[in-house]
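[1] Below is the structure, and that's it, no one-letter string:
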């Protein structure tokens, strides 16, 4: 159940981070890669005129030092967990997968991967939040792979296990690892802990084939979820985004039934469901950059700064799918973005 990964033929490394442990590890992992020393990652990552899709076909890694902030309040694009203590961070920018519907396609100029090597500063920022939570009666949750898929690169840069180790020492913290990866075996030697949630995005196979380029097929992700449950991890499933292709209701209905035929619903922490939505600036940038993708030429509406499906259409669709999911999962464990 391997994960498709780029060769990373070039490493762009900020001169100031040459002695960081993660830098040295990356250099040792990619001993055949050409090293190019740079002053600042933005000189490479943010420059104009880059071909995002061409770079995705031959990705390189940029090793850099992140400057604060190291922690951000949860985006309004995610489901409401009824908890003000929810954040995300960005230890890595960009993803090795190339899903057409992903906001990262419009967020960055470059298709390359940025890895911030000053890990301790990310963790210190969380420690400060834990000392003074907005709601002291609720745990603090941090999504550590909101702008990437950390588990997908775990066999080359062991960032997920380092975050799990951090969570183990900070019991009032919950970390969420969002993924489409099958590399659960890369952390099979780690004893599962309660305050780590592994969240798999699952889509009907036809969606995987049309839109989720380079990502593992559905069957492989299901096997990864089964293994995670077997190992003892808390698992969340994400049916998000719902894409309204022809016969979408029949496709997603059969998909949901198949999922719970393969995966024990009693072992699932919760389910998130949402439709396609995106920041309007990212949406317009992708539409201009990739006019071949049909996702960006549908009849959407704009609500504030968000491009999204019509409210009536999405509410009706989400209600119908929630009814199906609720046959397997208690309603209070189904989190819907609407």
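    Happy to help now that I have it. Note that the structure is a prediction, hence the values are computed from the model and not measured. Numbering: from 1, shown residues only.
[2] tell me the secondary structure for residue 155?
    Secondary structure, DSSP: H, G, I helix; E, B strand; the rest coil: residue 155 is coil.
[3] Return the residues in contact with the nearest residue to it once chain neighbours are set aside.
    In space, and not counting its chain neighbours, residue 155 is closest to residue 186: 4.9 Å by Cβ to Cβ, 6 or more residues apart in numbering. C-beta coordinates here come from the backbone N, C-alpha and C atoms, glycine included. By Cβ atoms under 8 Å, 6 or more residues apart in numbering, residue 186 lies in contact with 151, 154-155, 158, 160-161.
[4] for these, which one is nearest residue 182?
    residue 151 (8.8 Å; Cβ to Cβ).
[5] Spit out the contact partners of that closest one.
    145, 160, 177, 179, 181, 183-184, 186-187, 198.
[6] ok so, going back, residue 262: which of the contacts of residue 186 is nearest?
    Ranked by distance to residue 262 (Cβ to Cβ), those are led by residue 151 at 19.8 Å.
[7] Secondary structure class of the residue lying closest to residue 46 once chain neighbours are set aside, three-state.
    Using Cβ to Cβ, 6+ apart and skipping residues adjacent in sequence, the residue nearest residue 46 is residue 109, 5.8 Å away. Here residue 109 is recorded as coil under three-state DSSP.
[8] Surely residue 109 and residue 47 touch.
    Yes. Judged on Cβ atoms under 8 Å, residue 109 makes contact with residue 47 at a distance of 6.7 Å.
[9] mind checking which helix or strand of this protein has the lowest mean pLDDT?
    When the helices and strands of the chain are scored by mean pLDDT, DSSP states H and E, helix 52-57 comes last with a mean of 91.
[10] buried ones in that helix?
    By neighbour count on 16 or more other Cβ atoms under 10 Å, the buried set for helix 52-57 is 52, 55-56.
[11] element containing residue 178, please.
    Applying DSSP states H and E as the criterion places residue 178 in strand 173-179.
[12] Give me the sheet partners of that strand and which way each runs.
    strand 140-143 (parallel), strand 196-201 (parallel) (DSSP bridges).
[13] what's next to that strand, contact-wise?
    126, 130, 139-146, 149-152, 160, 163-164, 166-167, 195-201, 236, 238.
[14] Residue 127 - how many residues pack around it?
    Neighbourhood size, residue 127 [other Cβ atoms under 10 Å]: 12.
[15] Over to it: give its phi and psi.
    Main-chain torsions, residue 127, degrees, to the nearest 10: phi -60, psi -40.
[16] thinking again about what came up before, quick one: closest of the strands paired with strand 173-179 to residue 249.
    strand 196-201 (19.7 Å).
[17] Much appreciated, bye for now.
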